[in-house]
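Colleague: Only the shape, not the letters, is given here:
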């Protein structure tokens, strides 16, 4: 099956720093989403981004589908950005099952 | 729209007990699914449904049962709870297979289940 790998597994930042999270996937995909799981366990949709670039405030994401990777950029990090960031993909072969990576755990220090 | 609503938020069960986790969505989504999340791991698919009356197994279906009698509801049943089923359970929905854009998933807030 399709493999989804995220890096780094853990990241500690000082408030105000920038970071880049990476998601590699092993097969063609129809869909790729980035989620933030906050410390209370809620999964929050960040981006639906099977290809191209999107921005939402301090966050932006880029997916290069032909090279099978996606990047999530966090600028001017805040303590509220802490949590786990997941990448999830839907394989491009008629299935609609999300395959999740194991996540990047981010801690932003005040 | 309330989105995807899961109940209960927390539950403690004794080994061997049965229970049903509820999931409802009000977005007229065809596709619904259940995931479990274990510590330090991503989410893994338990069961999914592509429409009322149609269900199928995901990666980790053993010990769980589902049915889809309406578009809105997709309950997950634990028939005889085991400690290995201690996990956080998420329900998700999307429009489904009409176009790739329709596969964007929306998740409920999760149910934290402990089996003792």
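Modeller: Everything's here; your move. Owing to the predicted nature of the structure, the values given are computational and were not obtained by experimental measurement.
Colleague: So residue A:73 belongs to a strand, correct?
Modeller: Yes. When DSSP: H, G, I helix; E, B strand; the rest coil is applied, residue A:73 is found to be in a strand.
Colleague: Quick check: closest non-adjacent residue to it.
Modeller: Residue nearest to residue A:73 in three dimensions, not counting chain neighbours: residue A:60, with 4.7 Å by C-beta to C-beta, 6 or more residues apart in numbering or on different chains. Every residue, glycine included, has its C-beta placed from N, CA and C.
Colleague: Over to residue B:8?
Modeller: In space, residue B:8 is closest to residue B:111, 6.1 Å off (C-beta to C-beta, 6+ apart).
Colleague: can you check residue B:56 too?
Modeller: Spatial nearest neighbour of residue B:56, chain neighbours left out: residue B:48 (5.9 Å); criterion: C-beta to C-beta, 6+ apart.
Colleague: Measure how buried that neighbour is and give me the count.
Modeller: 24 (other C-beta atoms under 10 Å in any protein chain shown).
Colleague: next one: residue B:53
Modeller: Applying other C-beta under 10 Å, we find 10 other residues in the vicinity of residue B:53.
Colleague: Report the contact partners of the residue of chain A found nearest chain B.
Modeller: Nearest to chain B in chain A, going by C-beta to the nearest C-beta, is residue A:100, at a distance of 3.3 Å. Shown in contact with residue A:100 (C-beta atoms under 8 Å, 6 or more residues apart in numbering or on different chains): A:4, A:86, A:87, A:88, B:35, B:42, B:43, B:44.
Colleague: Quickly find the element holding the fourth one.
Modeller: Taking DSSP states H and E as the definition, residue A:88 sits inside strand A:83-91.
Colleague: so what does that strand touch, helix or strand wise?
Modeller: strand A:4-7, strand A:19-25, strand A:29-37, strand A:69-74, strand A:98-100, strand A:104-109 (3 or more C-beta pairs under 8 Å, 6 or more residues apart in numbering or on different chains; DSSP states H and E).
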